[in-house]
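[1] how would this look folded up:
(3 chains)
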Amino acid sequence: MFNQQDIDEYEGPLLKSTGVYVIYKGKEGASNVVALRGINLEINRGDFLAIVGPSGSGKSSLLRCIGGLQHPTAGAINYYGRDITQVSESDLVPFRRSTVGFVFQEGNLIESLSGFQNVVRTLRYSGVGYSQSRSRATEILSLLGLKSRMHDIPKRLSGGERQRVAIARALANNPKIILADEPTGNIDYANSENVMGIFKDLHRDLETSFLVVTHSNHLATFANKKLELRDGRFTGQHTGNFDVNSLGGSRSVIISESGNLTLPPELLGMVLEYGNLWEFQAEEQNNQARIIAKPSIQEKLPDNCPVCKQPIIGRTQNCRSCGAKLLN
Amino acid sequence: MADLRGKMEWLPFTIQSIFRNKRRSFAMLSGIALGITIISGIYIYSSVLKTQNFQTVVENASFEVKFDILENESLENLHKLADIVELDDRVIDTTPIGSTGFDEVEVSVIVDKLGDGSAVDSQNPGSSDFLNMAPVFVENDYPETEIGKKFLSSSELEGVFDVSDNNVVISRAIASKFQLEVDDNIYSINMSYAFRERGGALKFYEGYVSNVTVSGIYEFRSGDAGIFGSFFNPEELYFSFDALNTDLPELKRWFDEELGRFLAVKIDETQFTVSDPETMNDEILKFMNYITDLAEKEGMEIVGSNNVQNLLLPFQLLSIFINIFDFLLAAPVVILSLYLLFFGIEMSLEERRREIAIKKVQGANETQIFNEIRNQTFVLFIIGWIIGYMLGIFGAWIIASSIGFMQIDLDYVGSFASYLRLDKTALFMSAIVVGGLLTIQSRKKAKEFITSEVSETIKRFEGVKMGYLRRNNLDIVMFFIGLSTVSVTILEQIYGVDLNLNFWWSLLIQGFGPFFLWIGGSLVGIRIAKFVPLKLEGLLLNVWLFKDVSKILKSTFKRRNDTDKLAFIIVLTLSIATLATAQGVTDQNHAIRIRQYEIGSDYQINFGEISDYTQNLTNIEGVENIMAIGKFAPTLIQSTVFVISGFDVHKELALMKEGKEVGIWHEDAFDDLTPLQALQKLSDNPEGVFISSFARNILDTGIGETLKIRFEVEINATSGETEVRSISDVEVLGIYDHAPGNVNHPNVISSSILINRLRAIRDNTTIADDAPMNATRYLVKSTYGDAITEDQINQMTSQFNQIPSYASAVSLQRELRELDEQPTSYGITGLLTMNFIVSVAAALISTFTYSAILMERRKHEFAVLRAIGAKKSQIYKIAIGENLIMVLTTAIWGSLIGIGITYLFNGLFGTFAFILGGGAIDRLVTFPWLYVSIIGFCTSIGVLVATAVSARGAANQDLSIATRVV
Amino acid sequence: MDKGEEYHVLKGIDLEMRETEFFALMGPSGSGKSTLLNIIGGLIPASSGSVNIDESELADLTDNELTEIRRNKVGWCFQDFNLIDNLSALENVVLAMNLAGKRGSDVEQRGKELLEAVGLGDRIHHLPDALSGGQQQRVAIARSLANNPTIILADEPTGNLDSQTGKEIIDLFKQLANSGKTILMVSHDIALAHAAQKVFILRNGRVEEETDANKEEL
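    As a prediction, this is how the structure comes out:
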């Protein structure tokens, strides 16, 4: 679908989505469900974008649309300037092979084939030669620490190992961008490290772009861009260090073109505690703008976590040490 | 090398996929294997049958090859040819034979026994007594030739085979017809014949052979080729060639000129491949060509012909009918297996949904995904083909060796080897049909599945669309059409209502009725399966056994799972199982009924001369009672010739009241009357008669009306003057269907009194009413009853033999026992057995497959139940309980449909039975209620067990999924 | 767990609980909390070590005996309630008793009592889809109590509930503990920590901390 020349010559972003809406028809009398409300997104070569958000925020739909697995109800998704929503199912095949690599939270693999075979199949589908496929598969799987386990079928692998195989499969054809939905969700800590290492290497060495939906702080630290997805919209953007558990510390709230903004959750909790009537004031001083909002009563956070006794720094929702929820 | 491995990569990959996905592979494999089994089974059976027929013919043929000399076929030349032929070591013996055959010349034979014209039976081709006869001329040394010896060894000969000095050897049938015995002298045998001269003109000739003595009477023992046999094989009278020379100059001339004689050649079978018809025919051909060449060198132009082929012809014709019938009978299971095939295709694709989505993500295009499915289907087909063919061999063996429904003759096991063959037609046809359907359907379905969007993958399994037929309520229409055809049939068969439907309507009803009832009924069964359980579920929940899981069952019932397919399959299969059972038992009973009717009592004795044999018979040990069947023929009623058959009604009635009647009177022997009532009526009106419904129609008469019986009597032997005498006001007492002793519709039944009266009038004598009736046929009831031993039978038979004028005797018990021992010819019960086995197997397999898929989807639910304390056994109980009522309902409904189809099919059997023999009396459906109920019950249990087994995975799963958030 | 991981999910956990003890199990995601709970509840076997409930050693039991334990010794509350749809609240509670072989009017009566005890006395005939999340969880709790278990295991019982309702559920558990039940709960909820007597924190496969929750209000 995209040949190398197109790619090299194209100057715009690798991926750009505009106004993507996804609406599902309601079942048997239930109303329609709007999963995505106008998603605008841009990823350049070498970007690592992390998307965080609660369940039901539309993450899966987003990923499927971006990955060409589902047609959005409205909007455009451009790869190298070409809109994949206008492309037929069969034309999407080369796209899936060489441009995008997909890693779901689960259900990535053919259950009746070994990890090795899963990766080999992927390569063979793309037309890679017989022995070449096998050597490349071995190579990637070894890289992910699975050399001794690669001939086992998924049932015999632990969650983490399965996920690593899935990642190997996604990486097999050297995709330009990897789309991942909670890739380390079911993996224990040490293996997450492993995986992160690989992502890091790819990101650094090959400038592979990443779009990852995650809960993990760890993973998010690799991102150079972080977006918050809530109720089908991007409501906040983060740069620099951020803490999944205390997004408030790093977030920039996105204000849509129509002037809507979604109050960040931790703010929401705090805000509502003080009531739902607030006064807004906007100031501009020296070309710097500020919005000041004042509540009625200020609720105080304790100094130390009541559970683990660790000191609480800043206004956070969960205790960083033991995860206890501090605010309602 | 790597390139080759790359190309062959698909094979290990495909095989691995097949074995790793056992359930869906099994679903498709069973459908394929079943279809192949049935189709190849029938073909294998047919070809084994053909070979067996061939071997039978070869075994019994007295000679295999005949040679004709063109130009001058004198006896002298034939002897010369014989010398040449006998030099070949493939030849055992030769002898010249003169025969008029069938197609070249028509011969009409009239036997004038006494020379006074009084005992002549005219051979009227139009009468029901027509006997196809032809003369055969042989040399006097015929019985010493190998051919003659073969002839004698395959027949029973009474007397001697001596054709010299104007002797004749005749067949048993001729002897019976003309009431001839060994050493009888025949005044003259008139042979007139017509043949076409060279040039086309038809010429008639007459010849007499006078003063002939019957030296021997023969009776063949070989296999019966049904009605075709009698067409092709006339009854023969063996004369010497001398007789030809002396008495039949014209015929001799014809023989000389027109290839009337031939050289019969008996070959050495050990040098030929008797086991393979085709090869043997080729070998015979080669042999004939070789001899022809040889003869030419000696200056004789000859032409040979393969006698085996000629003898085979009637069998071949019969085989065609059998094949058609077999395929019709196998139709239900063929349809079932095709359904299973389609079902398997659908299930296996359904299971692949997720996998197809994953493959798309992996970058496979549609062609690649399709090819993988195609490869697996192909490999499965090959495996199924092999398995199916092997099972087909087994199935063919079952068809052939069934001696009764679900009974196999173990003695026949030895012949299993003859079924182990690679039958090309079977392999080819089964591959084409099954493979073809498989390809078409799986292509179509696979494309549907693959092209759907990736995100649609988790479509709800329960949202299966109702088929076209059901949406438009056409299933109810089909069912009612089927139901009405059943009603028509039942009215006719059980209630004897004569709806006078013409042949085409009957064919339509018999042909389409079963199909509509079967399919329509099965579809309606789906509706019933939804409706009835709704009402009865409450009951189930209160059953003690299910109390502990009653709440869960309640929840499932409310959910209305998709049980359509399961209900459909159960009705479809169980109705066939019922049909097979009922018809199987009916078939067996019919065979018994026929023999009871033909023989009429424990024994039937026939004599050569008409007389009163009461004393002779009563004195014999083992005889309890006898009944004569007296005949008076020919009588004319209006313009139809009838035979009046009379019984000693008073005596029989008295015996019947004590339960000791001689004849086996069937319940349906008389219309609307029990045998007792009928005999009583006859006894009260000794000059009345019972007629057949055929007679009633053509005579346009009815009960209570009167008939005039006429017959012609010769009053002056010299002038040949005749006079017509009659009895009028013979009352029609009722309609009969059949009477013991082979009495059916050309007969009119009367009491012995009427017979005596008629005879008295004819002979101008006086006969007392209660005088014993002279007859040639006697029915004998023996004191030994059903338990009579072989020895006792032999003893009685030899005693019967002593009676003067004894012609033949047949024992009912012996016939019935032979019935038990021989595999039924033409494999009807075998096919029914196979129908039965297949339908039950289909029910179990599809239930298991289908349930397994449903259970898989409920894994989480079951895990939670286990977590809160459900035992594994309770999981199984749930699986069973959910389906219990539905299964029982559909099983009952299926049995009912099966009953309907049984009656419809009965007509079909009846039609074909006429060709296969045994169509003289109605085929009464014997409904084995107990048997059918047991089968229905067992199949239901089997289905429920299959359901439970499919829940095994759910019961034994890793329970940690209970806590997983879905 | 022996799925071939070089890394063990749980490494040598020691845990003891007695009657009227209400313990909480917390920890970052992926730490193995659910796995531990599953092992304790007899849903999955431990690779090594022993689990002993009321003096029955789980590893020694046959499947049917294990089922007995699950019926009569252990009560489960799940994060997504896992009630049987199409059955009323009462029927869901009675179900647990039916499975244990009990039936009759006293079973119905007990069901009603349990539902009253969790505050749903007026909704016993409601179907799950007519009940709010919190109400459904209450039904689940009532169900878990049906066979008078020794210990109640709750896996994120407030996970799908808002904070207010969650609090109420925790209070309910507290009551139960006070009345003599042993309760082990996995959660993120701070109110839980508040209500529990002890909190175990599972990190990297080990119990790393154990603090006595103080009884002061936050």
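[2] which stretches of chain C form helices?
    C:33-40, C:63-72, C:89-99, C:105-117, C:133-145, C:163-178, C:190-195 (DSSP state H).
[3] Residue 77: neighbouring residues, count only.
    With no chain named, the answer covers chain A. 23 (other CB atoms under 10 Å in any protein chain shown). (Glycine included, C-beta is placed from N, CA and C.)
[4] let's do chain C instead
    24.
[5] And it, how close does it get to C:Ile40?
    14 Å (CB to CB, to the nearest Å).
[6] shared neighbours of those two, anything?
    C:Leu153 (CB atoms under 8 Å, 6 or more residues apart in numbering or on different chains).
[7] before we move on, back to that, looking at the helices of chain C, which is closest to B:Arg710?
    Closest to B:Arg710 of the helices of chain C is helix C:89-99 (CB to CB; 87.8 Å).
[8] Now render the helices of chain C as TSV, adding distance to chain B and mean neighbour count.
    Below are the helices of chain C laid out as TSV (distance: least, CB to the nearest CB, whole Å; neighbours: other CB atoms under 10 Å in any protein chain shown):
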stretch	distance to chain B	mean neighbour count
helix C:33-40	5	22
helix C:63-72	3	18
helix C:89-99	4	26
helix C:105-117	10	17
helix C:133-145	7	25
helix C:163-178	16	18
helix C:190-195	17	25
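[9] would you turn the ones you listed into JSON lines with mean pLDDT?
    Output for the helices of chain C, formatted as JSON lines (pLDDT from 0 to 100):
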{"stretch": "helix C:33-40", "mean pLDDT": "80"}
{"stretch": "helix C:63-72", "mean pLDDT": "84"}
{"stretch": "helix C:89-99", "mean pLDDT": "90"}
{"stretch": "helix C:105-117", "mean pLDDT": "89"}
{"stretch": "helix C:133-145", "mean pLDDT": "89"}
{"stretch": "helix C:163-178", "mean pLDDT": "81"}
{"stretch": "helix C:190-195", "mean pLDDT": "69"}
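[10] Now distance to B:Val649 too, for these, in TSV please.
    As requested, these are exported to TSV (distance: least, CB to CB, whole Å):
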stretch	distance to B:Val649
helix C:33-40	90
helix C:63-72	76
helix C:89-99	73
helix C:105-117	75
helix C:133-145	84
helix C:163-178	96
helix C:190-195	103
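[11] Select, out of those, the one closest to B:Leu294.
    helix C:63-72 (86.8 Å).
[12] who touches stretch B:794-812?
    B:172, B:175-176, B:181, B:595-596, B:599, B:601-609, B:611, B:613, B:616-617, B:620-623, B:664, B:776, B:782, B:788, B:793.
[13] quick one, which of the helices of chain C is nearest to B:Lys558?
    helix C:89-99 (10.9 Å).
[14] and the closest one, what does it pack onto?
    Identification of packing neighbours for helix C:89-99 by 3 or more CB pairs under 8 Å, 6 or more residues apart in numbering or on different chains; DSSP states H and E yields helix B:550-559, helix C:105-117, helix C:133-145.
[15] Ok, which of these comes nearest A:Gly58?
    Using CB to CB, the nearest of the helices and strands packed on helix C:89-99 to A:Gly58 is helix C:133-145, at 21.3 Å.
[16] hey, C-alpha coordinates of that closest one in PDB?
    Output of helix C:133-145 as PDB, limited to C-alpha atoms (Å, rounded to 0.1, in the frame of the first residue of the first chain):
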ATOM      1  CA  GLY C 133     -24.700  -2.400  41.400                       C
ATOM      2  CA  GLY C 134     -24.600  -2.000  45.100                       C
ATOM      3  CA  GLN C 135     -27.800  -4.000  45.500                       C
ATOM      4  CA  GLN C 136     -26.500  -6.700  43.300                       C
ATOM      5  CA  GLN C 137     -23.400  -7.000  45.500                       C
ATOM      6  CA  ARG C 138     -25.500  -7.200  48.500                       C
ATOM      7  CA  VAL C 139     -27.400 -10.100  47.000                       C
ATOM      8  CA  ALA C 140     -24.000 -11.600  46.300                       C
ATOM      9  CA  ILE C 141     -23.000 -11.200  49.900                       C
ATOM     10  CA  ALA C 142     -26.200 -12.700  51.100                       C
ATOM     11  CA  ARG C 143     -25.600 -15.600  48.800                       C
ATOM     12  CA  SER C 144     -22.100 -16.100  50.100                       C
ATOM     13  CA  LEU C 145     -23.500 -16.400  53.500                       C
END
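[17] just how off-centre is that helix within its chain?
    On the basis of CA atoms, centre = their mean, to the nearest Å, helix C:133-145 sits 11 Å off its chain's mean C-alpha point.
[18] now check it, is it near chain A?
    No. Using CB under 8 Å from any CB of the partner chain, we find that helix C:133-145 stays clear of chain A, coming within 13.8 Å at best.
[19] where does chain B come near chain C, residue by residue?
    So chain B meets chain C at B:547-552, B:554-555, B:558-559, B:861, B:864-872, B:874, B:958-960, B:962-966 (CB under 8 Å from any CB).
[20] would you list every one of the helices in chain A?
    Using DSSP H, helices in chain A cover A:4-9, A:59-66, A:89-98, A:115-125, A:130-143, A:159-171, A:189-205, A:217-220, A:265-273.
[21] Of all those helices, which one comes closest to B:Val925?
    helix A:89-98 (58.3 Å).
[22] what's the angle from that closest one to helix A:115-125?
    120 degrees (axes from the mean of the first three to the mean of the last three CA atoms, to 10 degrees).
[23] Tell me the helices and strands packed up against helix A:89-98.
    helix B:353-362, helix B:366-401.
[24] Tabulate these in TSV, adding columns for mean neighbour count and distance to C:Leu58.
    TSV is the format used below for the helices and strands packed on helix A:89-98 (neighbours: other CB atoms under 10 Å in any protein chain shown; distance: least, CB to CB, whole Å):
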stretch	mean neighbour count	distance to C:Leu58
helix B:353-362	21	34
helix B:366-401	21	43
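[25] mean pLDDT for those helices: which is lowest?
    Note on the helices and strands packed on helix A:89-98: lowest mean pLDDT is at helix B:353-362, with a mean of 84.
[26] right, is it up against chain A?
    Yes. Interface with chain A: helix B:353-362 contributes B:354-355, B:358-362 (CB under 8 Å from any CB).
[27] thinking again about what came up before, and the helices of chain A, which one averages the lowest pLDDT?
    helix A:265-273 (a mean of 66).
[28] where does residue 181 land on pLDDT?
    In the absence of a named chain, chain A is used. 84.
[29] wait, chain B
    76.
[30] before we move on, what about B:Phe287?
    90.
[31] didn't it look like it was pressed against B:Phe67?
    No. If you go by CB atoms under 8 Å, B:Phe287 and B:Phe67 don't touch, sitting 10.7 Å apart.
[32] Specify which residue of the two has the higher count of neighbours.
    B:Phe67 (25 against 22).
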